[in-house]
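S.K.: quick one, fold the following:
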Amino acid sequence: MQYFTCKQNAVVQKEGAKKVHRKAFTLIETFVAVSVLMTALVGPLTISQKSLALSGYSRDKMTAYYLAQDAVEYIRGLRDDNAKQGSTWSSFVDLLSACQAANNQGGCQVNSSIAGGGPNAILPCGALCVPMNYNIETGLYTTEEVASTIVPSVFTRSVVISSPPYDPSFSRELFMTVKVTWKNDGIDQSYSVVQDLFDW
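M.R.: Below is the predicted model of the structure:
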């Protein structure tokens with residue numbers, strides 16, 4: 001007759017027979033292994049998720065910077081064209097009347113895809129400016145209505161023209177503030193550019 005005893009996951013035969021070892025993972029060992037594996041994976045996955053969110057924010061902020069600079073350059077171009085044509089500084093100021101803070105608290109919208117400040121190139125915002133639209137064919141942001149190739153964007157751009165804050169009586173200079181706003185992950189974001197415009 002043979003007798004068996006159990007010792008720590010191994011069954012040993014008594015009467016000089018060979019030893020038989022049986023090893024297996026217990027449920028607790030399995031849980032420990034899975035938790036170590038999950039801990040090792042959570043860190044890199046969190047980092048990659050944050051990286052994707054930050055890259056989206058960086059893309060939007062860069063686009064906002066270019067949209068603000070685009071409006072600045074467009075208005076500077078109008079000033080330069082005005083001077084080249086021999087028009088007076090006051091005619092340039094009148095062209096920007098929709099943007100002047102005294103006339104319109106919301107400022108104006110500038111459609112830089114319309115050359116030379118033609119009709120509908122500078123429109124008053126009223127209380128709030130509406131979001132810009134994106135033209136898929138040209139790759140330009142515009143204030144044109146949504147159509148088959150023009151889709152809504154998340155960006156809103158406003159331009160406010162005022163007298164210089166340090167000397168409001170100075171009539172040969174304008175103070176221009178361009179502000180681009182958008183939402184990133186539900187959080188309001190904005191980027192502003194402030195420029196002085198001088199009479200040539």
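
S.K.: mind listing the strands for this protein?
M.R.: Ranges of strands within the chain are 4-7, 10-13, 20-21, 108-110, 122-124, 133-135, 140-142, 150-152, 156-162, 173-184, 187-198, based on DSSP state E.

S.K.: of all the ones you listed, which one is nearest Lys61?
M.R.: Nearest of these to Lys61, taken as CB to CB: strand 187-198 at 6.3 Å. Just so you know, the C-beta spots here come from the backbone N, C-alpha and C atoms, and that holds for glycine as well.

S.K.: mind listing what's buried in that closest one?
M.R.: 189, 191, 193, 195, 197 (16 or more other CB atoms under 10 Å).

S.K.: pick the one among the residues you listed closest to Gln69.
M.R.: Distance to Gln69, by CB to CB, is smallest for Val193 among the buried residues of strand 187-198, at 6.5 Å.

S.K.: wait, that closest one sits on Val160?
M.R.: No. With contact defined as CB atoms under 8 Å, Val193 does not reach Val160; the gap is 11.4 Å.

S.K.: okay, and the common contacts of the two?
M.R.: Thr177 (CB atoms under 8 Å, 6 or more residues apart in numbering).

S.K.: want to throw the strands of the chain into TSV with distance to Tyr57?
M.R.: Formatted as TSV, the strands of the chain follow (distance: least, CB to CB, whole Å):
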stretch	distance to Tyr57
strand 4-7	61
strand 10-13	59
strand 20-21	58
strand 108-110	24
strand 122-124	29
strand 133-135	18
strand 140-142	18
strand 150-152	20
strand 156-162	17
strand 173-184	5
strand 187-198	8
